[in-house]
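> sequence plus the predicted model coming up.
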Amino acid sequence: MKPFDLQVNGYRGADFCSADLTPERCRAACRALAADGVDGILATVITDSIDALCSKLRRLVALRADDPEIRRMIAGFHVEGPFISAVPGFVGAHPPEHVRPADVDSMRRLLDAGSGLVRLVTLAPEHDPGLATTAFLARRGITVSAGHCDPSRDCLERAIDAGLSMVTHLGNGCPTTLPRHDNVIQRMLAVRDRLWICFIPDGAHVPFFALRNYLDLCGVDRAVMVTDCIAASGLGPGLHTFSGMTVEVDAAGVARRPGAANLAGSTVTMPQVRDNLARHLGLAPADVARLVDANPRAAIGMPAGG
């Protein structure tokens, strides 16, 4: 089993969202990921201005081109935002001042900056007018995922018809309190047979008993496990500042903006993910391998083992 992680914001002090990411920090993060048994990742950049995101993507492209270790680990990029919901709770830890509706011209700029390496885009279907950006991406073979969003059932159905094929970290990127029945989680579960459903299995983003329920509904064949780890991963408890954002990691490894209730990414590692799935959910090795290896690759159209 060679885990492939679709959502890595940073690792062991290196922030993939930083405009100042150095080759040394990036290489060290890639080496640490390899030492933890990870075969490949999508380096994730989150909501910022289009100009800033383009600059960050170009930086990652250059780092990858210049270093074989970085190139081996970073198989591509995940653009999470800025086309998400700005509503408190749904926006999560993303900077709301940079959130904007999706548009094809801006998306084209991001793809160009990524030099063909953008493999996954997370957006809010209800903020994609006419679902034009979803269709644009799907036509180009780029996986489109719904996240940090609150689409209606009708909007979600239309988004799937336009090419939406995934849900980003179900149960997160939403308010801590939701209506009992008609909420974004239930709406997404209602179309679970047509979407890849991603989870962060650290016990904090989704309690393990709830994750067990979700897996019973979705089935191992349609679920994907990601870390959504940030640069504070592996640095221990305390205050950590990356790219101008400060997070506080508690003794259990849970990261939040200081004073905020919403989580700010995770610090879980892939070895911990594998252990959690086996120990807390009782999954067999073959099912764990499917959730962290085969399914993530299939979800972005990547052949097994590369």
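In hand now; what should we look at? Numbers count the residues shown, from 1 in each chain.
> what sits against the residue nearest to residue 264 when sequence neighbours are not counted?
Once flanking residues are discounted, residue 264 sits nearest to residue 93: 4.0 Å by C-beta to C-beta, 6 or more residues apart in numbering. Any C-beta I mention is one placed from the backbone N, CA and C, and that applies to glycine too. Applying C-beta atoms under 8 Å, 6 or more residues apart in numbering, we find residue 93 in contact with 245, 247, 257, 260, 262-265.
> just checking, residue 6 touches residue 228?
No - Residue 6 is beyond contact range of residue 228, at 9.1 Å (criterion: C-beta atoms under 8 Å).
> who has more neighbours, these two?
The residue with more neighbours, out of residue 6 and residue 228, is residue 6; 32 against 29, by other C-beta atoms under 10 Å.
> buried residues, stretch 154-173. List them.
Going by neighbour count (16 or more other C-beta atoms under 10 Å), the buried part of stretch 154-173 is 155-160, 162-173.
> return the subset of these lying in strands.
Residues of these located in strands (DSSP state E): 166-167.
> residue 231: what secondary structure?
Assigned by DSSP: H, G, I helix; E, B strand; the rest coil, the conformation of residue 231 is coil.
> count of neighbours near it?
Residue 231 has 29 neighbours, counted by other C-beta under 10 Å.
> ok so the residue nearest to residue 264 is a helix residue?
No - counting by three-state DSSP, one finds residue 93 to be coil, located in no helix.
> against residue 255, how distant is it?
As judged by C-beta to C-beta, to the nearest Å, residue 93 and residue 255 stand 9 Å apart.
> which neighbours do these two share?
Residues touching both residue 93 and residue 255 (C-beta under 8 Å, 6+ apart) are 247, 263-265.
> tell me where the model's unsure across the chain.
For the chain, the stretches flagged by pLDDT under 70 are 243-244, 261-262, 305-306.
> all strands for it, in order.
4-8, 10-11, 14-15, 40-46, 74-80, 118-123, 143-146, 166-167, 196-199, 223-225, 238-242, 245-249, 255-256.
> still on that earlier bit, helices - which of the buried residues of stretch 154-173 land there?
155-160, 162 (DSSP state H).
> now do the buried residues in the biggest helix by length in the chain.
The single longest helix within the chain, with elements called by DSSP H, is helix 50-66. Neighbour-count burial for helix 50-66 flags 50, 52-54, 56-57, 59-61, 63-64 (criterion: 16+ other C-beta under 10 Å).
> wait, which of those residues is closest to residue 37?
Residue 37 has its nearest neighbour among the buried residues of helix 50-66 in residue 64, at 20.8 Å by C-beta to C-beta.
> please report how far that closest one lies from residue 23.
From residue 64 to residue 23 the distance is 10 Å (C-beta to C-beta).
> before we move on, what about residue 149?
35 Å.
> between those two, who's got more neighbours?
residue 149 (28 against 13).
> contacts only, for that one.
84-85, 90, 123-127, 173, 184.
> let me see the ranges of the helices in the stretch 151-300 of the chain.
In the stretch 151-300 of the chain, the helices defined using DSSP state H, counting those that start in this stretch lie at 153-162, 184-189, 208-218, 270-279, 285-289, 295-299.
> any idea which of those helices is most buried?
Among these, ranked by average contacts under mean count of other C-beta atoms under 10 Å, first place goes to helix 295-299 (a mean of 21).
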